[in-house]
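Novice: have a look; sequence and predicted model below, questions after that.
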Amino acid sequence: MGKGIIGLYEHADDTIKAAEKLKDAGYRATIFSPVPLVHEIERSRMGERPNYIKWFVLIGCLGGLSFGFLFTLITSAMYVLPRGGRPIFSMTPTLLLSYETTILFGVLWTMFGFLVIARLPVFFKKSYDPGVKVDSFGVLVEDLQTDKHKEIERIMHEFGPTEVRLIENEQP
Amino acid sequence: MKRRDFLKYIGVGGAGGVLGFIFGKVSKPPVGKLMPYLIPDPDIIPGVANWYASLCAHCGAGCGVLVKVMEGRVKKIEGNPEHPVNKGKLCALGQALPQTLYNPDRLKKPLKRTGERGRGQFAEISWEEAVSTVAKNLVDLNKSGNANKAYLLTHPLRGTFAKLAAAFMSSLGTSNIYEYELFQNRNLLYALETSMGLDCIPRYDIENTKYLLSFGADFTSTWVSPVLYSDAYGKMRQAAPGNRGKLVQVEPRMSLTGASADEWVAARPGAECVLALSIAYALVEKGYYRGGEVDAWRSALSKYKPSAAAHIADVPEKRIYEIARDFAKTRPSLAIGGETVSSYQDGVSGLTAVNILNHLAGNNGIKGGVIANAAGEKPDFKKGIAALIDDAAKGRVKTLIINNTNPVFTTPDGAKTVEALKAVGFIVSLASFKDETVALADIVLPLDACLEDWGDDEPNPSVGYPCRTLMQPAVSRAADTLGAGDVFLAVARAVGGKTAGRLKAASYADYLKDAWRDEYAKNKRMSAGTLTFDDFWNASLKKGGWWHPVGETKKAMRVSPSAARDAASKGPSMFEGDAKDFPFYFMLYPHHVHRDGRGANIPWMQELSDPMTSVVWGNWIEINPKTAERLGIREGALVTIESPFGKVSAPAYLYPGIRPDTAAMPIGQGHDAYGRYAQGKGQNPIRILPFKNDLRTGAFAVNSTRVKISPAAREGGIVKLEGTANEAGRDIAQTVSVSEYMKMKKEAV
Amino acid sequence: MPAVILQLRKVTVDKRTYSEVNKDILRLMTKTGPGYYAALGIVASLAGILFFLPWAYQIYRGQGVTGLNVPVLWGVYLVNFVFWVGIAHAGTLISAMLFITKTPWRRAIARGAETMTLFALILVALYIFIHMGRPWNAYWTMPYPNQRELWLNFMSPIMFDVFAIGTYTTSSAVFLYFGMIPDLASLQHQTTGWRKKLYSTLSLGWRGTDAQWTVHGRATMFFSSFIMPLVVSVHSIVSWDFALSLVPGYSQTVFAPYFVTGALLSGLAGVMLMFTIMRWAYPFLTKYVTDYHYDRVGALILALSLVWSYFTCMEVFTGLYANTSLELEHLKFKILTLPYFKLYFLMIFCNSILPLSLIFKKLRVSRPFMLFLCIFVLIGMWLERYLIVPNALSRKFLPFMWHDYTPSWVEVSITLGALMFFVSLFMVSIKLFPVISLFEVKEDIGIPMKHEHRKDGA
Amino acid sequence: MSGNPIKAIIERLKEFRRPGYYKNYDHKWTMVIDLDRCNGCEACVTACYAENNLPVVGKEDCGNSRVMNWIRVERYVAGEYPDVKVKFIPILCQQCSKAPCELGCPVYATYHNQDGLNVQVYNRCVGTFTCATYCPYDVRRFNWFTYKWDAPLEQQLNPDVTVREMGVMEKCTFCIQRIRAGKDKAKDEGRAVKDGDITPACAQSCPAGAFTFGDLNDPESRVSMLAKSRRRFRLFEELNTEPSVIYLKKVFADGGGNPPVGGHTLAGGHPPVKEGHGG
């Protein structure tokens, strides 16, 4: 675990501005917040985030659809029992069940995709300050050489942080 | 623990934790044995059924059955397809034979009375003790010179066993054999004998008739030989193309047969006789009668002009003429008279009137009419139940052997049957169940069920040709019981002397086989067979008897106006009770499967719904819905029926097929004893009847009183299977009208 | 901008406000008075006595202890099954539908509604087992082959149920947990002992970075898009259990939308009832679930009630229009026969007439009135199912087999006991998990900005 | 394995997609019940009790409509005294070709076999009640309790038929054990099943001969002849369940008691019976 510097702020816009500036200065800044700031960040110079999860969802849906479809058809073909005078390959219930499995698989893959993209579960990475999950906003710059400390701290101080801290394998 | 059980426990555990374990076994079927024997009979192959031809003894029809036996146990009863009476069919009661055989309440050991008579306290004794006690009593009686004070009261007997019983009694020096059963055909036999000269019930050829005029004969359900006639009914309706017989049912309360009839004529109770005679008069008047003595007939029947009879019988005059016209013009036609008519105080007259009708329409001796049968055994009309009760009450009966009949249940309180039997010195009861009569016995001898016993029968009514049937045991005895024949033989041996000398056979099976040598001779004569007796015997056992469809009995059947004049000069039958105080005629009829009460101890029969009301496990009183509305009686409400002789309470069933001035109740329920299934179910309506017996035949008349009906406040606890009898316009059981049907026939051709 | 929420927003948004939210919820979760224990004890023991004991008795003796008979083979258990599926719909309505339509007031009540959904679905599953003849074989309805490679009859509406309700339960559980991750991460720092361990494990190491929030937001969007059609399909499928049969009174094309509308109506009433009781027990919740919520939900209930009334009329109307003995007898039995006559008009009163009062804002924001109304709507919706499920079977095709149905004590007891079980589950859960979504409420309060105000939006 | 197994499966499944494929079953066991012969004596009911080990449930459960009769004789009464008309109709499982119950069962406990029978597999049943709810004829019976036979009544239990466990649905099987036995016997004798080889218990017992049983696929059988009758109808034909039980209409007298059709009819009368619009 490398070192990092975290700046804590009371206000969201300060945080985002600090992050923008850090980005301009060529650092990879991570914003921590207790509430989602997606809109604000995307409207800022941080830019739009890539939307990878849709591919997971697509895989899940297609998988669920084909699973439901093939599953109902193949299982009824495995043991042919006529019932109700209806065809063995009956489309109506097959489509209905496929609909349900599409959703089921879609939901599961969304969750899976969320975990993959959000890099969860993770128990060794910390957020360095518990406050960022409750009531503070934070900007973190990680993995940096010691000579950059001053600059980063300066940028962070520009936006009125409540605290700027150097982190060294610190427990949250 | 099996996997499934484990999962069951898991299921229970999820719900109630340890409770599942506390309750233990969840819904495990009882463990049964694959083979009931330690060392099985070599004949027994597990899973393979043996079929034995035998007879059903649940009623007097004498249907032949095939008994399915697997692993030494009776599994099912089916009609014997070769048997001429039932032709492979069997009624509900007959099919319940296994439930009599395996009834949990069957008597399993001979019993000896320990407490006071009537208390029903008995101790089990051995057969030796039981037989020697009976024999000692009979010997003592003989020694004291009172041999003629030994009586036998039995259900109507036929065939070899009747001969055995007669021989037994006569060897003891007495001829006191009384036959009793509630529905015994005494009136029918008497009417046939006196007016037509027949000594047994003829074959009513319902099968081939085109117009059947039935006076209260519930022939598809309870009358005389229901399976024979049901089969014939089916064929009358639909067997021959273009020949659909019409059924007209005359009865105040629509019976099961009446429900299937094309026309229901709800004549006034007791006036069927008058109606029949007025139809007869109309036949003569309109010139439909083609025989001789027209004037004699006219004068004999002149009392019953339809104009007058219409009022008495409550049937429009026009309808009487219509019936007469149809009855005479439709060829062949047939009139029959059943238990409703014969159960009046003057039952013989109505039945005689029916004979007159058949004679006048020319139905006797023709196909589709009345066909005579070979001779049967008719009862001694002097020996009615009333005579026996009278003798007993007067202390003339020292020893009474009761064979499988239950007069205590089937006679009213007014008959004082219990008191009379209590005055009898010694009562031996042969029975399979501890019924109301058995409770009064000193010694109870448990009988075999008919599937364990030997026997034979000459069905009466027979089938129009010689027919003799055999009963054989299908399974070994389930308990320490004996057949009635074996009991008599054992007692005879123990009595010794002349009795033992006359009845030497080691077992009833031997006795029966000996008796069948006559049949063998007859058979030889008829079909000129070359069989040895043993082959004949074995073939008969296999087939269920022997019969000879060729040798039809030709017999002249003629009704003379004078015979008719005598029998039919009495007008409508009497009902006890004043019409003002007791406004309703009270009609009793045998329940379709409990009959006179004998079927009430069979669980299947208790749960089999009555077809007309769908009531199970109890009985009811039928009241016309309009009457009920007037009296403020709801369906299922408890009502009290009071006759001048007592009262009884039963739930009401609103029955559209009954005259508004009539109430009806089925016989068969209301047992005080007779096993767990019968006991305490419903009420016994016979109790409140007057003890009226036909003077000529000694038959007990059940339709003989008027009653009044008063609603009780309580719910009657009627249990019926139907939701509603209203089809709600859904056209479920679809119908076509006769004219439409005839059109169909033409188009089909 | 909604007035009521603005009121809340006027409070300076700063650290104190945010941590106050956490403190409030933590207080709800950790500070437990004797009253709670007493209530939980009573409710849980009632659940045991009224629910589990009779159920064990029923498993031991057989389904015969119920009041079911041959034409009426679906009784109160199926009524409860449908009813609880309906209740389960509220959570999804509030969290998914209102998320997609960006309705801001959903945030405070969404979590509670979702929790309700999950527990209602647990009851639904229980009722499936309760109503089975051989519950120890319930796993046979799961899609797996038996020894002879025979699978299941996917043509059966019951099988549709297995899939729909299975999917719904899984999805709701996933969605509920998913939404809770940031909150659990937030709480892990403010608790100690087993709670800390539990929350830090369950929060999966959520850090609250912008990347995580982004994917969280997108995933929520997808979840909502999945769950919204799912909700519609689930209750439609439940209605097909009935509608796909031939039974008069069941075989109705109107059933799918009718059931969905009814479900949403009862679900909303359930949510409001729950929050009203919680607000009474924990007065500080009034800060989060405000009159504004009552106002909005009241309006929604009114709208749904009107739609429901329309479908109810249509059900009767189409039956009358068909003019067959089957439909007419069914309607006659349902509407004109005692005691169903009374029940039917009680239902109309509860679901159509009473909610009309919600046109008055005063009544919408009146808590006692809403409490009263929600209870009545729930009773009415239960009656609606009761009047459909056993009643239609009482008047099937063959009049000879028309038989009425009265629930036995076991059924009544299990119905009440299951409700108690639901309440006790809920009571335990509010102590274990935040019943109000922390981050969403914080969003609702507003994001602290020094220079600009954020436009409201999801 | 010779040939292409996948192709074979596809061929087989194609067969099952054809409308009315169930007409190509090996047999199509059919019962014809002549209502003009039926007099309501209920011998069939008892025969069924004896053959199929039906339990006796007792008075209380009879009152709850839980009687276990697989066949019942329904009776409908119309009119008022003295013009009372009574109709009997025995109702047993109609063995529908397009059975609604088979669609309802999630676990395949009821399905259609190659004899054209609607089969109930007790082992597989979990008791969801769906089949009985869907059944328009109310012929399915449920084992509400573990039913007992008072000893020694259990000795008459038919070993060819199982005793059902608590919690399973049961119904008339057309005496499938007799059908099996008849087919086995014919096979042992190296011949095809003849008309009249197989008779279910109810048909066997019927005193009035109202029941006829046979194979509708056999054009020479008695049921095929009777099925051509102009009097034929099937219960609730308009539901399109295609029952295998064919009734022949009762003939009612002209005048006096007219057929009690009044009020609202189902789907306005009954069109002539057509077969083969399945699929």
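Specialist: Perfect, I can see it now. Residues are numbered from 1 along each chain as shown, chains lettered A, B, ... in the order given.

Novice: and the top helix by length along chain B, what does it pack onto?
Specialist: What stands out as the longest helix in chain B, according to DSSP state H, is helix B:508-527. The helices and strands touching helix B:508-527, judged by 3 or more CB pairs under 8 Å, 6 or more residues apart in numbering or on different chains; DSSP states H and E, are helix B:159-172, strand B:455-457, helix B:484-495, helix B:533-543. From N, CA and C alone the C-beta is placed, and that goes for glycine too.

Novice: nearest to chain A, of these?
Specialist: Nearest to chain A among these is helix B:533-543 (44.5 Å), distances taken as CB to the nearest CB.

Novice: and the helices and strands packed on helix B:508-527 as a markdown table, adding mean neighbour count and mean pLDDT?
Specialist: Shown next, in a markdown table, are those (neighbours: other CB atoms under 10 Å in any protein chain shown; pLDDT from 0 to 100):
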| stretch | mean neighbour count | mean pLDDT |
| --- | --- | --- |
| helix B:159-172 | 20 | 91 |
| strand B:455-457 | 24 | 91 |
| helix B:484-495 | 23 | 93 |
| helix B:533-543 | 15 | 90 |
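
Novice: can you list the residues of chain A near chain D?
Specialist: Applying CB under 8 Å from any CB of the partner chain, we find that chain A lies next to chain D at A:77, A:80, A:81, A:82, A:83, A:84, A:85, A:86, A:87, A:88, A:89.

Novice: swap the cut-off to 6 Å and go again
Specialist: A:77, A:81, A:82, A:83, A:84, A:85, A:87, A:88, A:89 (CB under 6 Å from any CB of the partner chain).

Novice: top of the residues you listed by neighbour count?
Specialist: With neighbours taken as other CB atoms under 10 Å in any protein chain shown, the top of those is residue A:84, carrying 27 neighbours.

Novice: okay, the closest residue to chain B within the stretch 201-350 of chain C and residue D:137: tell me how far apart.
Specialist: Closest approach of the stretch 201-350 of chain C to chain B (CB to the nearest CB) occurs at residue C:325, with a separation of 4.6 Å. Per CB to CB, to the nearest Å, residue C:325 is found 16 Å from residue D:137.

Novice: who's more crowded, these two?
Specialist: Between residue C:325 and residue D:137, residue D:137 has the larger neighbour count (other CB under 10 Å), namely 24 against 20.

Novice: got a list of what the more buried one touches?
Specialist: When contacts are counted by CB atoms under 6 Å, 6 or more residues apart in numbering or on different chains, residue D:137 touches D:91, D:94.

Novice: which SS class is it?
Specialist: coil (DSSP: H, G, I helix; E, B strand; the rest coil).

Novice: just residue C:86 next, same as before
Specialist: Applying three-state DSSP: residue C:86 is helix.

Novice: may I have the phi/psi pair for the residue of chain A most remote from its centre?
Specialist: Residue farthest from the centre of chain A, counting by CA atoms, centre = their mean, is residue A:85 at 50.0 Å. Phi and psi for residue A:85, reported as degrees, to the nearest 10, are phi 70, psi 10.

Novice: excluding chain neighbours, what is closest to it?
Specialist: residue D:98 (3.3 Å; CB to CB, 6 or more residues apart in numbering or on different chains).

Novice: so, low pLDDT: which residues of chain A?
Specialist: Scanning chain A for pLDDT under 70 picks out A:1-2, A:125-128, A:143-144, A:146, A:168-172.

Novice: what's the spacing between the residue nearest the centre of chain A and residue D:224?
Specialist: With distances taken as CA atoms, centre = their mean, residue A:118 lies nearest the centre of chain A, 3.6 Å away. To residue D:224, residue A:118 is 71 Å away according to CB to CB.

Novice: quick one: residue B:476 is in a helix?
Specialist: No. With three-state DSSP as the criterion, residue B:476 is located in coil rather than a helix.

Novice: any idea how far it is from residue B:69?
Specialist: From residue B:476 to residue B:69 the distance is 10 Å (CB to CB).

Novice: and residue B:431, by the same measure?
Specialist: Counting by CB to CB, the gap from residue B:431 to residue B:69 is 25 Å.

Novice: neighbour count: those two, which is higher?
Specialist: residue B:431 (23 against 19).

Novice: please enumerate the strands of the stretch 51-200 of chain B.
Specialist: Remark: strands assigned in the stretch 51-200 of chain B by DSSP state E, counting those that start in this stretch are B:64-70, B:73-79, B:111-113, B:122-124, B:150-154, B:177-179.

Novice: closest to chain C out of those?
Specialist: strand B:73-79 (25.7 Å).

Novice: ok, the closest residue to chain B within chain A - how many residues close by?
Specialist: Going by CB to the nearest CB, chain B is nearest to residue A:79 of chain A, at 21.8 Å. For residue A:79, the count of nearby residues is 15 (other CB under 10 Å).

Novice: repeat that for residue D:94.
Specialist: 24.

Novice: residues touching it, list them.
Specialist: D:137, D:243, D:245.

Novice: in chain D, which helix or strand is least confident?
Specialist: helix D:5-15 (a mean of 74; mean pLDDT, DSSP states H and E).

Novice: beyond it, next helix or strand please.
Specialist: Where DSSP states H and E defines the elements, the next helix or strand beyond helix D:5-15 is strand D:29-34.

Novice: for the residue in chain D that chain C sits nearest to, give its distance to chain B.
Specialist: Minimum separation of chain D from chain C (CB to the nearest CB) falls at residue D:127, amounting to 1.7 Å. Plainly put, residue D:127 is 11 Å away from chain B if you go by CB to the nearest CB, to the nearest Å.

Novice: how about residues contacting stretch B:94-111?
Specialist: Residues contacting stretch B:94-111 (CB under 6 Å, 6+ apart): B:56, B:58, B:63, B:74, B:77, B:122, B:124-125, B:127, B:130, B:432-433, B:444-446, B:449, B:451, B:479-480, B:602, B:604-605, B:675-676, D:46-47, D:50, D:150, D:152-153, D:155-156.
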